[in-house]
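Colleague: 3D model of this:
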Amino acid sequence: MSETGLIEHPDDCARCWWPGHDPFYMAYHDTEWGVPERDGRALYEKLILDGFQAGLSWITILRRREGFREAFAGFEPERIARFTDADVERLMSDARIIRNRAKIEATIRGARAWLAIEERGPGFSRFLWDFVDGQPIQGTARTRAEIVPETPLSRQVSKALKAQGFGFCGPTIVYAFMQATGLVNDHLVGCHRHAACAAYGGRA
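Modeller: Residues are numbered from 1 along each chain as shown. Predicted coordinates for the structure are as follows:
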């Protein structure tokens, strides 16, 4: 890895430092991270998974994502909102996920908050994308040291989400979520995905 935080690979492709040389993690970096996500349900899923990441590494959650999807009814908020205490106990016994009661209960509350936002209109996706005026913020960081853990905007979004009833959405978690879902393009400028993700920009 260079001092900038870029990793040069045998395929002559420079990538951000964080996937290392893990093929699974590299594939996520190359195909998903930083691509603008405008589907409201998918945004809910990613926000919840980022909340489960708190205190853990993202690769830990990523490797369990399919298990999470199966355990949480495909991350369909309409179904999760109807979860009962029995479902919480079921999930607490499910080894495919991170068995944290507070996070599980926050997922259910988040589903209900998501539904409330959808019912009021114009929906969860618009609720989030309005914070960036509908267009991804294009990062300009060239080195790992320039990437920050949170921003004034992530603090603003965090506050708004908490006000709606979401949990485990502090400013650092929210910034990681914004990076992953393309509200912010934080691939390092020298990474081969920076320009590719920038090309996805624009309003829905």
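Colleague: which intervals of this protein have sub-threshold pLDDT?
Modeller: 1-4, 8-12, 202-204 (pLDDT under 70).
Colleague: dead centre of it: give me the residue that sits there.
Modeller: Among the residues of the chain, Phe177 comes closest to the average C-alpha position under C-alpha atoms, centre = their mean, at 3.2 Å.
Colleague: and it, what does it touch?
Modeller: 46-47, 50, 169, 183 (C-beta atoms under 8 Å, 6 or more residues apart in numbering). From N, CA and C alone the C-beta is placed, and that goes for glycine too.
Colleague: pick the one among those closest to Phe83.
Modeller: Proximity of the contacts of Phe177 to Phe83 (C-beta to C-beta) peaks at Leu47, which lies at 16.9 Å.
Colleague: distance check, Glu78 against Ile117.
Modeller: Remark: distance between Glu78 and Ile117 (C-beta to C-beta, to the nearest Å) = 13 Å.
Colleague: helix or strand: which one has Cys169?
Modeller: Cys169 belongs to no helix or strand when assigned by DSSP states H and E.
Colleague: that one touches Leu49, doesn't it?
Modeller: No - between Cys169 and Leu49 no contact is recorded; they are 11.8 Å apart, counting by C-beta atoms under 8 Å.
Colleague: which residues are common contacts for these two?
Modeller: With C-beta under 8 Å, 6+ apart as the test, Cys169 and Leu49 reach no residue in common.
Colleague: and stretch 136-153, end to end?
Modeller: 13 Å (C-alpha to C-alpha, to the nearest Å).
Colleague: equivalent analysis for stretch 5-22, please.
Modeller: Chord length of stretch 5-22, first to last residue, is 16 Å (C-alpha to C-alpha).
Colleague: check stretch 116-129 too.
Modeller: First-to-last residue span, stretch 116-129, C-alpha to C-alpha: 17 Å.
Colleague: quick one: buried residues of that stretch?
Modeller: 117-118, 124-125, 127-129 (16 or more other C-beta atoms under 10 Å).
Colleague: list of residues touching it?
Modeller: Outside of stretch 116-129, the residues within contact range by C-beta under 8 Å, 6+ apart are 38-40, 43-44, 77, 114, 157, 160, 164-165, 183, 204.
Colleague: what is the neighbour count of Asp85?
Modeller: Residues near Asp85, counting by other C-beta atoms under 10 Å, number 8.
Colleague: need the phi and psi values for it.
Modeller: Per-residue torsions, Asp85: phi -60, psi -30 (degrees, to the nearest 10).
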